[in-house]
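Q: Please work out how this folds:
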Amino acid sequence: MQISTRFTIAAHALLCVAHFSPERKVTSGFIAESVGVNPVVIRRTLGQLKEAGLVRVESGVGGTTLARPAEKITLLDVFRAVGSVGGSLFDFHSTPNPACPVGRNVHAVLDTELSAAQAALEERLEQTSLADLDARLEGLVKAG
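A: Residues are numbered from 1 along each chain as shown. So this is what the prediction gives:
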């Protein structure tokens with residue numbers, strides 16, 4: 001299982017907005033060129049980010065801006081905004097055999113571990129802001 005590419009596309013899009021605006025108009029077409037996807041994908045992603053209160057989007061060629069400071073947008077915000085997973089990171093098979101000692105107890109054995117793994121991921125994503133990523137990007141750009 002992989003986490004949906006919606007998450008990395010959204011993070012990439014937000015990084016474009018943080019990095020290039022307000023010096024230039026950041027449109028869905030511009031972001032799509034950087035990401036390497038169709039602008040429709042970016043418009044859908046920006047819609048999710050807008051709904052989550054992370055960006056402002058002016059229709060037409062108005063461009064996209066951050067709705068709050070980059071320091072106040074975490075990767076966890078992005079992860080949640082685009083619905084990278086449907087609530088739980090791990091999708092448990094729905095019909096373990098109750099007649100089998102393993103099937104009957106598999107939830108009791110695994111649920112705590114899986115919840116802890118998801119909590120660790122979310123905790124880590126919450127530690128990194130869009131400003132942190134933009135600062136790393138700026139260092140790489142300057143280094144050439």
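
Q: switch to C-alpha atoms for all contacts and neighbour counts from now on
A: OK.

Q: distance of the residue with the largest distance to the centre of the chain from Leu49?
A: Checked against the mean C-alpha position of the chain, the extreme residue using C-alpha atoms, centre = their mean is Ala99, at a distance of 40.3 Å. Counting by C-alpha to C-alpha, to the nearest Å, the gap from Ala99 to Leu49 is 46 Å.

Q: and what of Glu123?
A: Look at Glu123 and Leu49: by C-alpha to C-alpha, they are 20 Å apart.

Q: Val40 now?
A: 14 Å.

Q: now swap in Asp132 and tell me
A: Distance, Asp132 to Leu49, by C-alpha to C-alpha: 19 Å.

Q: Which one's more surrounded, those two?
A: A count of neighbours by other C-alpha atoms under 10 Å puts Leu49 above the other of Asp132 and Leu49, at 25 against 15.

Q: What is the one helix or strand in the chain whose mean pLDDT sits lowest packed up against?
A: Using mean pLDDT, DSSP states H and E, helix 101-126 stands out as the lowest-scoring helix or strand of the chain, at a mean of 92. For helix 101-126, the packing partners by 3 or more C-alpha pairs under 8 Å, 6 or more residues apart in numbering; DSSP states H and E come out as helix 75-81.
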